[in-house]
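1. Provided below are the primary sequence and the corresponding predicted coordinates.
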Amino acid sequence: MRIDVVSIFPEYLAALDLSLIGKARRENLLDLNVHDLRDYTHDRHRTVDDTPYGGGAGMVMKPEPWAAALGRIAVESPVATATGEKPILIVPSPAGAVFDQAMAYELAEAQHLAFACGRYEGIDERVIEHASEAYDVRPLSIGDYVLNGGEVAVLAMVEAIGRLIPGVIGNPESLVEESHSDGLLEYPVYTKPASWEGREVPEVLLSGNHAKIARFRRGKQLERTAARRPDLILQLDPETLNRHDRDALWHSGFAVHEGKIIPRSELAWG
Ligand code: 6SD
């Protein structure tokens, strides 16, 4: 996969040299290129911002450097060249659709992703419209809170997407069981010592009874998800829930009633 990131703070992306993503780059599984937006300016001060039309606080990123940077990246895109397909341009924004694990899986299939990191009050909107001619543009949010720029959002998305590229994670089995891939949060994990500070590892995990361990873990996933993310419980397909699952959900305040999952408080009696 090829990834291009455009930012006025290219050093922010240095963390992508580390750990699994850094290793994937060195092994040529990931061709990641970080570009300094100021390299696409032509004035002495390398200006990337200007005052907003209509007034208001702060500055807006000028269109010309963005058009030059994104134009160069599109022309050099391996997908545009090989298949005539458009590369995907992700624009982090608190006003975007929320990036989730399903999106990470979808984007991990792409040949070429580009990321445009805004700063100040954001990028002149016409850049987004103009970029749609060469890119499949996706304004994406990493959650409902406000950052100062797109760089931290890009770090999160590149890590979430990059680890799904075949070969990046040594043991692909670890991708199967993880949080969100089955719509549930992860079960709790423990290691040695079995007794620590007066706290014991749950006995069933020391039993060697694999069926019982699997049931225990599934129960913990359902219990945790019900307590912390009840919204995820309501999105489960009730057809995927066995007798043990329904029992665990009942104890966590949910019922399967007439083919639907509902909070037990909404069960109509009589
Ligand atoms: C000015 C940006 C770009 C400012 C952002 C994204 C999310 N989820 N929160 N905040 C953000 C992105 C903020 O450029």
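-> Looks like it arrived, so ask away. As the structure is a computational prediction, the values presented were derived from the model and not from experiment.
2. Contacts for stretch 3-18 next, please.
-> For stretch 3-18, contacts defined as CB atoms under 8 Å, 6 or more residues apart in numbering pick out 22, 25, 30-38, 48, 66, 69-70, 73, 112-117, 119, 149-152, 154-155, 158, 162. Bear in mind the C-beta positions are built from the backbone N, C-alpha and C, glycine included.
3. How about it and the ligand, touching?
-> No - Stretch 3-18 lies out of reach of the ligand by CB under 6 Å from any ligand atom, never closer than 10.3 Å.
4. Kindly report the same for stretch 132-148.
-> Yes - interface with the ligand: stretch 132-148 contributes 141, 142, 143, 145, 146, 147 (CB under 6 Å from any ligand atom).
5. Please read off the pLDDT at the first one from the model.
-> Among the per-residue scores, residue 141 holds a pLDDT of 98.
6. near the ligand, which residues of this structure show up?
-> Contact residues, the chain versus the ligand (CB under 6 Å from any ligand atom): 92-94, 118-120, 122, 141-143, 145-147, 149-150, 153.
7. before we move on, the earlier item: which of the residues of stretch 132-148 next to the ligand fall within strands?
-> Per DSSP state E, strands hold the following members of those: residue 141.
8. Select from the residues of stretch 132-148 next to the ligand the one having the most neighbours.
-> residue 142 (21 neighbours; other CB atoms under 10 Å).
9. Any figure for the gap between that one and residue 182?
-> From residue 142 across to residue 182, the span is 22 Å (CB to CB, to the nearest Å).
10. residues contacting the closest residue to the ligand within the chain?
-> Residue nearest to the ligand within the chain: residue 118 (3.1 Å; CB to the nearest ligand atom). Counting by CB under 8 Å, 6+ apart, residue 118 touches 61, 91, 92, 93, 149, 150.
11. Just give me the closest of those residues to residue 187.
-> Distance to residue 187, by CB to CB, is smallest for residue 92 among the contacts of residue 118, at 31.3 Å.
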